[in-house]
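In: model this:
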Amino acid sequence: MTLAGSTPLLIALVGVALLFDLLNGLHDAANSIATIVSTRVLKPRYAVIWAAFFNFVAFAVFGLHVAKTIGAGIINIHIVDDQLIFGALMGAIIWNIVTWIAGLPSSSSHALVGGLLGAGLAKVGLDAVVWAGVTKTVAAIVLSPVVGFGLALLLVLAVSWICVRQAPMRVDRTFRGLQFVSASLYSLGHGGNDAQKTMGVIAVLLYAHGRLHGAFHVPLWVVLSCQGAMALGTLLGGWRIVHTMGSKITRLSPMQGFCAETGGAITLFMATYMGIPVSTTHTITGAIMGVGAARRTSAVRWGVAKSIVVAWVLTMPAAGLIAAAFYYLATLAG
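Out: Predicted structure coming up:
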């Protein structure tokens, strides 16, 4: 455990955690706005403002179940110290930057989980792992895009059947309006699930420094700081990944964009209420592929989808290895 008196170091680590949250918003801005931008319902500069607002207010809608999973359900809370948290955050941040430069929509969430596991394993080995939380998170790697795919596919088939007798221009106009609702819901789900992960990291760091006592909880200032950092990151945008998500996987109409966002939002809402730290990237990618596949399987650019899957598979081990290296460096420096 870190001594309670090291206030400057604690402040610095909280700053690094908020930097990760800002990069998370930057990296995952595409998840919230790619479909509404690619369908030309909103211009990019307005779409990021729209998404950032709903990212921020998400804390008023959801509980803090995901924060508790990250803070106390991935690695043993009793082994946490400054070096471990520093290593975990650096692993996640560096992997996010690498994939952002490459334009690959990998998961910030699983980069953070991989970072925590890598630093924890480097410190004490397998005793660091809380298997129940890790199993739940790893299962979500597979389930969240599958559920997003299935829900979006069902929605687009149902909506197509309902609108079969309506004029295409009327359908297009209707769903241009409805996309404001679906994009809002998805941004709300994104802010509710993703910002809580950094809240969990800061809360466990405060416990390690003796600044919090009793049952695991997240102070309000931590909640507001994390939501604000994520909203700011979303405002800055992640245009490389927006392009990949919005047009390279499949081309979308407003109706398809609505179905993808709604299917993804339902998936995120369910996961957040169950305390599962899912990947918003995985979820919206699966949903976009679902609406593309509803049209015809050739409408999905499976080569691009394959490269995204490769990034998913690499994320946790790559972030974990980087985190372990930074943990050792921090230990040597200390």
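
In: so where's this structure shaky on pLDDT?
Out: Within the chain, the segments meeting pLDDT under 70 span 1-6, 29-32, 105, 237-251, 296-305, 307-308, 334.

In: where along it do the helices fall?
Out: For the chain, the helices defined by DSSP state H occupy 7-38, 44-57, 65-72, 82-102, 108-124, 131-162, 168-208, 220-236, 239-243, 254-273, 280-295, 302-333.

In: Dump those to a markdown table, plus distance to residue 214.
Out: No exception for glycine: its C-beta is placed from N, CA and C like everyone else's. Below are the helices of the chain laid out as a markdown table (distance: least, CB to CB, whole Å):
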| stretch | distance to residue 214 |
| --- | --- |
| helix 7-38 | 19 |
| helix 44-57 | 28 |
| helix 65-72 | 13 |
| helix 82-102 | 21 |
| helix 108-124 | 23 |
| helix 131-162 | 21 |
| helix 168-208 | 10 |
| helix 220-236 | 15 |
| helix 239-243 | 40 |
| helix 254-273 | 24 |
| helix 280-295 | 31 |
| helix 302-333 | 28 |
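
In: could I get those helices as a markdown table with mean neighbour count?
Out: Putting those into a markdown table (neighbours: other CB atoms under 10 Å) gives the following:
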| stretch | mean neighbour count |
| --- | --- |
| helix 7-38 | 24 |
| helix 44-57 | 20 |
| helix 65-72 | 24 |
| helix 82-102 | 24 |
| helix 108-124 | 28 |
| helix 131-162 | 18 |
| helix 168-208 | 23 |
| helix 220-236 | 21 |
| helix 239-243 | 19 |
| helix 254-273 | 26 |
| helix 280-295 | 28 |
| helix 302-333 | 18 |
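
In: what's the nearest residue to residue 269 if we skip its chain neighbours?
Out: Spatial nearest neighbour of residue 269, excluding adjacent residues (CB to CB, 6 or more residues apart in numbering): residue 189 at 5.5 Å.

In: Tell me which residues touch the one you found, please.
Out: Contact analysis of residue 189 by CB atoms under 8 Å, 6 or more residues apart in numbering lists 58, 264-265, 267-269, 272, 280.

In: again with residue 184
Out: Listed by CB under 8 Å, 6+ apart, the contact set of residue 184 reads 50, 54.

In: same check, this time on residue 113
Out: Counted by CB under 8 Å, 6+ apart, residue 113 has contacts 70, 74, 134, 137, 277, 316.

In: could you redo the last one with a cut-off of 10 Å?
Out: Going by CB atoms under 10 Å, 6 or more residues apart in numbering, residue 113 touches 69-70, 74-75, 88, 92, 107, 133-134, 137-138, 140-141, 197, 277, 279, 315-316, 319-320.
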